[in-house]
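**Student:** Need a 3D model of the following:
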Amino acid sequence: MRVSAAELNVVAQVLSRAADRLANPARVSDPARLRAAVEGKIALVTGASYGIGEATARRLAAGGATVLVVARSGERLDDLAASINAGGGRAVAYPADLTDEGAVNALTERITEEHGPVDIVVSNAGKSLRRSLHDQYDRPHDFERTIGINYLGPIRLLLGLVPAMRGRGSGHIVNVSSVGVRVVPGPQWGAYQASKGAFDRWLRSVAPELHADGVAVTTVYFALVRTRMIEPTPILGRLPGLSADEAADAIAKAVIERPRTSEPPWVLPAEVASVLFAGPAERAARLWYRRFFAESGDAGLKEVPA
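**Tutor:** Just a heads-up that it's a prediction; the model follows:
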């Protein structure tokens with residue numbers, strides 16, 4: 001029996017959709033539901049000048065939220081805010097370096113004074129770094145930089161914003177994280193995974209306290225999103241992933257439904273397996289390193305700024 005090209009294309013599309021549902025967090029593209037959740041609200045998005053942050057800011061603004069966009073690149077932020085405002089949305093640019101404690105304090109004071117308590121905080125700003133341990137012996141600043149933007153920065157921001165949210169008795173914090181903090185750590189990503197994991201652990205620890213005061217916490221764990229952060233690591237380009245717009249749809253779903261976590265379906269089984277079968281999991285990590293990095297001569301000197 002001969003199979004036509006059209007039939008093969010249908011099969012390929014079905015398999016692609018199945019792989020997508022398995023590999024990535026659930027998403028929603030429903031403007032009406034999003035508008036019902038965010039219209040008239042104040043939403044702050046960090047890391048908004050590129051990628052996931054920019055796409056999320058546009059999505060929330062299209063839903064009727066006033067979006068406060070935060071990042072270091074002032075010119076990019078101004079362009080983004082102007083684009084959103086020209087399209088009928090409402091956005092305000094707040095350039096700030098989240099690694100600068102004084103700048104963050106000034107930022108949160110200004111935002112609270114100008115807008116009152118924030119309704120939604122999307123903590124998205126991040127710094128990716130892949131570098132072999134053997135190239136870090138004289139680079140302790142690798143860890144200082146990743147900790148500054150992935151851990152201390154978002155904590156400083158929330159310490160400045162949460163009191164007003166608690167005082168009002170409502171709010172929602174959405175943390176954009178990585179599946180890497182939930183499964184066996186991969187080689188060469190130590191500085192990145194440790195800093196992302198630290199913030200993830202801190203937020204999980206304070207979530208019950210926040211919930212008692214009406215502030216919900218959601219963490220979205222992404223596997224792979226095709227933004228500039230993955231460009232220095234070509235092997236990642238061969239793996240299934242989301243576009244920035246698709247990632248924004250996953251964040252929109254989190255904003256609408258407010259789950260405790262949102263992750264690909266395979267993450268929980270992988271977590272359990274990594275505990276029950278710790279030895280094989282660690283051997284798999286060693287094999288991954290040898291197969292894709294050591295034998296190819298790619299020692300890992302890859303870094304992408306936030």
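**Student:** buried sites along stretch 24-31?
**Tutor:** Across stretch 24-31, burial judged by 16 or more other CB atoms under 10 Å covers Asn24, Pro25, Ala26, Arg27, Val28. Glycine gets a C-beta too; all of them are placed from N, C-alpha and C.
**Student:** The third one: what secondary structure?
**Tutor:** In other words, Ala26. coil (DSSP: H, G, I helix; E, B strand; the rest coil).
**Student:** Surely it and Lys253 touch.
**Tutor:** Yes: with contact defined as CB atoms under 8 Å, Ala26 reaches Lys253; the gap is 5.9 Å.
**Student:** Show me the common contact partners of these two, please.
**Tutor:** Common neighbours of Ala26 and Lys253 are listed as Ser262 (criterion: CB atoms under 8 Å, 6 or more residues apart in numbering).
**Student:** so what strands line up beside the helix or strand in which Val176 is found?
**Tutor:** Assigned by DSSP states H and E, Val176 falls within strand 171-178. Looking at strand 171-178 with DSSP bridges, its partner strands are strand 120-123 (parallel), strand 215-222 (parallel).
**Student:** what would these look like in CSV with mean neighbour count, mean pLDDT and distance to His172?
**Tutor:** Output for those, formatted as CSV (neighbours: other CB atoms under 10 Å; pLDDT from 0 to 100; distance: least, CB to CB, whole Å):
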stretch, mean neighbour count, mean pLDDT, distance to His172
strand 120-123, 26, 99, 5
strand 215-222, 22, 97, 5
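**Student:** closest one to Arg258 among the ones you listed?
**Tutor:** strand 215-222 (4.8 Å; CB to CB).
**Student:** contacts for the closest one?
**Tutor:** 24-25, 52, 162, 165-166, 170-179, 181-182, 200, 203-204, 206-207, 210-211, 242, 247, 250-251, 254-255, 258-264, 267.
**Student:** cool, stretch 157-167 as well?
**Tutor:** If you take CB under 8 Å, 6+ apart as the criterion, stretch 157-167 is touched by 44, 46, 98, 104-105, 107-109, 111-112, 116-118, 121, 123, 171, 173, 210, 213-215.
**Student:** Would you mark the buried spots in it?
**Tutor:** Buried residues in stretch 157-167 (16+ other CB under 10 Å): Leu157, Leu158, Gly160, Leu161, Val162, Ala164, Met165, Arg166.
**Student:** any idea which helix or strand carries the first one?
**Tutor:** Which is Leu157. Going by DSSP H and E, Leu157 is in helix 153-168.
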